[in-house]
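Asker: show me the folded form of this:
(chains A and B)
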Amino acid sequence: MIDKTILYKCAEAEIVVSKYLGFDVVLKNRVTKGYRLRKINDILIATRTREEAKLMSEARQSGVCVPIIYDVDLQKGVITMSYVKGKRVKDILNNLSEDERKKLCIKIGESIGNLHKNDIIHGDITTSNMILLDDMIYFIDFGLGEINNEIEAKGVDLHVLTEAIESTHFKYSNCFEYVLEGYRKIYGKDSNKIILKIDEIVRRGRYR
Amino acid sequence: MICLGIEGTAHSICVGIVKEKNNRCIVLSNIIKIYKPEKGGIHPREAANHHATYIADLIKDSFKQSGVDTGDVDLVSFSKGPGLGPCLRTAATAARALSLTINKPILGVNHCVAHLEIGRGTLKDCIDPVLLYTSGANTQVIAFAEGRYRVFGETLDVGIGNCLDKFGRIANLSFPCGPKIEQLALNAKKYIDLPYSIKGMDIAFSGLLTAAETFYKKGEKLEDICFSIQETAFAALTEITERAMAHTEKKQVLLAGGVAANKRLCNMVNTMAKEREASFFVPEKTLCIDNGAMIAWLGVLMYNNGVRMKVENSFINQRFRTDMVDVTWRD
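Answerer: Numbering: from 1, shown residues only, chains lettered A, B, ... in the order given. You can find the predicted model right below:
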C-alpha cells in the first residue's frame, strides 16, 4: 500500500484507492470529526466499522452484491475492500429509458427484498449507495445498518429510499413502485405489512 | 418594491417591512412579539388570543419604525403554513384586513422556505446553501434541486426544539428551555452516553429524550445531562447536514430557526463546514427566529415572479410542506 489517491470524500469517511496483495482496492477510512466529542467519535467509528464489515459479509451470504472485504481495522476505522469500478445509480437513473429504469428499479427491489428477508437493515438506502457494474447492483455503505427482524426497521429502511427518490429523482417518483414490485417478489407474502408500515411512518412525520 | 409581512405560525406574532433593491433584501422594520405561557407548552388558542391582542399595535408600530407610509406598501404577505391553525388564522385575518384597507394585493407564503430565503436575501455570498432548519416544531435539512426546495432529511418524531422543551419541562425549566439548557451545559463535568439515532439523512430524538429523562430520575446531575443532550443531538444534526451536503454536492450551509441561536450548534456546524472547505452562514438572531421580515421578503420574491392570490383564496394550510412550493424565482 504505497500510492494513495482519494477517490471520494463522503460525509463520514474518505474513500482511498489503493493496492492490496496485487488487487485494486478501496480503503474506507472513517475520519474523526472535529465537531463531535472525542468519546462520541470513538464509539461511532468503532461500532459503524464493525457493523459495516459484519453486514457486508451477511449481505454477500444472502446473495446481494457487495464489495469483497480484505481487511478490517477497528482501531483506525478502516475497511479494505475490492474496488467496484461501476457507475453510481444516482448518476445514471435519470438518464435511462423508461424500460431500462423499470428493470433497474425492480432489480434494486429484489436486492433489498433479499437483505430484508435475512433481517439485514442497510440503514442508508439511497441511489448514491448503489453501484451498477456488469448488470449487477452492488450495495455499499452499510455503516448505519443493523440486524433487525422488526417490520418497523424494514419500513424505515425503505422510507429512506422513498425520500432519496423524491429529492433526487423526483421526476421519476414511479421508480419506487417498481422497487416495491421487485421487493414483493422476493420478500413474499409479508411484504404488504412492511409496505403499509411505510405509510404509517410517513404519516408520523411532520405535516403529513 | 416594499412589502409588509405578517408571521404567526406558532408562539410569535411578528410584523416586518422590507424593501427590495437590486434583488437584495433591506429590512426596514422587524417587530417580534413572543407569547410565553406561564407554565407548560403553547396552548394554540391562547397563543392565538395573544396574537389577536397585539397584532393591530404591531402593524402600527412597524409603520412608525420603518418610516413607511401605508400608501408606500406594494404587497401584504402572511405565513400560510405550516403551523398551529388558530395562530395561522389570526395572522391571515390581520393580513386580509390590512390588504383590503390599504387596497394592496395579498400573498400567503411558506414559513420554512421564508427561513431559507431571508438568509439568501440578506447575507452576502449566500447563494445556494443546504439549510439546517431547527426550531421548536421543525427540524429539516433542505436544499434546492430543480425547481423546488426539497427535504433531504428531517426528524421522524419531534423537532429538536420540542425535544429540548420536553426535557426542560421534566427538569422544571421554564419555556423556552433551549437557552437554559445551553447555560447549564457550560458547567458540565462529564458526558453521559445517550442514543445517537440517525436513519439515512433522517433523525429521531424520542430515544434520546427517554434516556435523558431516565438519567435525570436516577439522579444524574442536570448540568451533565444538558451537556450530553446537546453534544449528542447537535452532533447528529450536524452529521445529517453534512450527509445532505455530500449528497447534493453543495458547498454552503445555512442555519435558521430558534435553535440556531444556540452557540454550540453554530460552532459544530461551522467546524463541519471548515473541515469540508464549505462556507457557513447564519443570519442575525432577529432574522433567524420566527419573524415578519422573512415572510415579507418571500412575498417580494414570489410576487415579482408572477405569483398572485385573491383575498377569497388566501387560505391557510397547517400542513404546508416545504416541497409543495414551486420555486419559480430561482434557476
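Asker: how about the helices of the chain, start to end?
Answerer: Since you didn't name a chain, this refers to chain A. Here chain A has its helices, by DSSP state H, at A:38-61, A:89-92, A:98-117, A:151-168, A:175-187, A:191-204.
Asker: could you do chain B instead?
Answerer: Taking DSSP H as the criterion, chain B carries its helices at B:44-66, B:85-102, B:111-122, B:160-170, B:178-185, B:206-218, B:222-248, B:263-275, B:285-288, B:292-304.
Asker: check what contacts the third one and list those residues.
Answerer: For helix B:111-122, the surrounding residues in contact (CB atoms under 8 Å, 6 or more residues apart in numbering or on different chains) are B:7, B:9, B:24-25, B:27, B:79-83, B:126-127, B:129, B:131, B:133, B:138, B:140, B:142, B:149, B:254, B:256-257, B:281-283, B:287, B:290-291, B:293-295, B:297-298, B:301, B:320, B:322, B:325, B:327. For every residue, glycine as well, the C-beta is placed using N, CA and C.
Asker: just the fourth one next, same as before
Answerer: Contacts of helix B:160-170 with the rest of the structure, by CB under 8 Å, 6+ apart, involve B:40-41, B:134-137, B:139, B:158, B:174-178, B:180-181, B:205, B:208-209, B:212-213, B:216, B:225, B:229, B:233, B:237, B:257-259.
Asker: could you give the average pLDDT over stretch B:215-222?
Answerer: Taken as a whole, stretch B:215-222 has a mean pLDDT of 97.
Asker: check whether that stretch contacts chain A.
Answerer: No - judged by CB under 8 Å from any CB of the partner chain, stretch B:215-222 makes no contact with chain A; its nearest approach is 15.7 Å.
Asker: now that stretch: buried residues?
Answerer: By neighbour count with 16 or more other CB atoms under 10 Å in any protein chain shown, stretch B:215-222 contains the buried residues B:215-216, B:221-222.
Asker: same deal with stretch B:134-146?
Answerer: B:134-145.
Asker: quick one: contacts for the spatially most central residue of chain B?
Answerer: Taking CA atoms, centre = their mean, the centroid of chain B lies closest to B:Gly257, which sits 3.3 Å from it. By CB under 8 Å, 6+ apart, B:Gly257 lies in contact with B:115, B:133-135, B:138, B:161, B:288-289.
Asker: quick check: phi and psi on it?
Answerer: Main-chain dihedrals, B:Gly257, degrees, to the nearest 10: phi 100, psi 160.
Asker: give the contact list for residue 140.
Answerer: Using chain A here. Per CB under 8 Å, 6+ apart, neighbours of A:Ile140: A:66-67, A:84, A:129-131.
Asker: chain B is the one I meant
Answerer: Counting by CB under 8 Å, 6+ apart, B:Gln140 touches B:112, B:131, B:133, B:151, B:153-155, B:322.
Asker: got CSV for these, with pLDDT and distance to A:Lys154 too?
Answerer: Formatted as CSV, the contacts of B:Gln140 follow (pLDDT from 0 to 100; distance: CB to CB, whole Å):
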residue, pLDDT, distance to A:Lys154
B:Cys112, 95, 30
B:Leu131, 97, 30
B:Tyr133, 96, 29
B:Val151, 90, 22
B:Gly153, 90, 20
B:Glu154, 91, 20
B:Thr155, 93, 20
B:Thr322, 92, 27
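Asker: now for these: which two are most distant?
Answerer: B:Leu131 and B:Thr155 (14.5 Å; CB to CB).
Asker: circling back: any quick ChimeraX command for the buried ones out of the contacts of helix B:160-170?
Answerer: Here is the ChimeraX selection string for the buried members of the contacts of helix B:160-170, based on 16+ other CB under 10 Å:
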select /B:134,135,136,137,139,158,175,176,177,178,180,181,205,208,209,212,216,225,229,233,237,257,258,259
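Asker: among the contacts of A:Ile140, which are in strands?
Answerer: Using DSSP state E, A:130-131 are the members of the contacts of A:Ile140 that sit in strands.
Asker: looking at neighbours, which among the contacts of A:Ile140 is most surrounded?
Answerer: A:Met130 (26 neighbours; other CB atoms under 10 Å in any protein chain shown).
Asker: my read: it touches A:Asp124, true?
Answerer: No - using CB atoms under 8 Å, A:Met130 is not in contact with A:Asp124, being 10.8 Å away.
Asker: sheet partners, orientation included, of the worst-scoring helix or strand of chain B on mean pLDDT?
Answerer: The helix or strand of chain B with the lowest confidence, counting by mean pLDDT, DSSP states H and E, is strand B:198-199 at a mean of 86. Strand B:198-199 has its sheet partners listed here by DSSP bridges as strand B:202-203 (antiparallel).
Asker: run through who's touching the strand it pairs with.
Answerer: With CB under 8 Å, 6+ apart as the test, strand B:202-203 has contacts from A:159-160, A:163, B:139, B:153-156, B:197, B:236-237, B:240.
Asker: any idea how far it is from the middle of the chain?
Answerer: 18 Å (CA atoms, centre = their mean, to the nearest Å).
Asker: equivalent analysis for stretch B:153-166, please.
Answerer: Put simply, stretch B:153-166 sits 13 Å off its chain's centre (CA atoms, centre = their mean).
Asker: stretch A:14-24 too?
Answerer: Relative to the centre of its chain, stretch A:14-24 is centred 21 Å away, using CA atoms, centre = their mean.
Asker: over to stretch A:114-125?
Answerer: Relative to its chain's centre, stretch A:114-125 lies at 9 Å (CA atoms, centre = their mean).
Asker: tell me the mean pLDDT for that stretch?
Answerer: 94.
Asker: can you tell me if that stretch touches chain B.
Answerer: Yes - residues of stretch A:114-125 are located near chain B by CB under 8 Å from any CB, namely A:123-125.
Asker: which one of those is nearest chain B?
Answerer: Chain B lies nearest to A:Asp124 out of the residues of stretch A:114-125 next to chain B, by CB to the nearest CB, at 4.6 Å.
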